[in-house]
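Peer 1: below is the structure, and that's it, no one-letter string:
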């Protein structure tokens, strides 16, 4: 009989590896081909009771066709309260922006975790094989 629990765990690790790889590749692509802009950080607020902040910034982007520019207000990842009122170079996708180094760092971290999940998905079933008998030893006959 198959070990269904192990199959579910392996499928879970493969799915996690795929999702992390997708996210990592997206972040690295954003680092290389995202829209570079200069953002002004306008405010930050605490998301939880902890130290995590959500900072908002504004930047301008060209409308399709390039005739007009529009102002976008969105989240700037890795910005802090100390950045309020300052201008910083970021890359954007939609109404979300990342410091350029942050996008690359997050992409690499996601790919490392994807590789870890994939290696676990491969190694776990291999560790579940039946134990082998040492070479040269025969099982003793059953005693009657």
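Peer 2: Structure received. If you're wondering where the values come from, they're calculated on a predicted model, not measured in any experiment.
Peer 1: pLDDT weak spots in the protein?
Peer 2: For the chain, the stretches with pLDDT under 70 are 1-2, 48-52, 128-140, 144.
Peer 1: output the longest helix belonging to it.
Peer 2: Taking DSSP state H as the criterion, the chain has its longest helix at helix 4-33.
Peer 1: what separates that helix from the chain centre, distance-wise?
Peer 2: What separates the centre of helix 4-33 from the centre of its chain is 8 Å, taken as CA atoms, centre = their mean, to the nearest Å.
Peer 1: partner strands of the helix or strand just after that helix and their direction?
Peer 2: Toward the C-terminal end, the helix or strand that comes next after helix 4-33 (DSSP states H and E) is strand 35-46. In the sheet, strand 35-46 lines up against strand 53-62 (antiparallel), strand 87-93 (antiparallel) (DSSP bridges).
Peer 1: for residue 31, find the nearest of these.
Peer 2: Ranking these by proximity to residue 31 (CB to CB) places strand 87-93 first, at 6.5 Å. Every residue, glycine included, has its C-beta placed from N, CA and C.
Peer 1: check which element follows that closest one along the chain.
Peer 2: Using DSSP H and E, the helix or strand that follows strand 87-93 in sequence is strand 96-99.
Peer 1: distance check, residue 123 against residue 99.
Peer 2: Residue 123 is 35 Å from residue 99, where distance means CB to CB, to the nearest Å.
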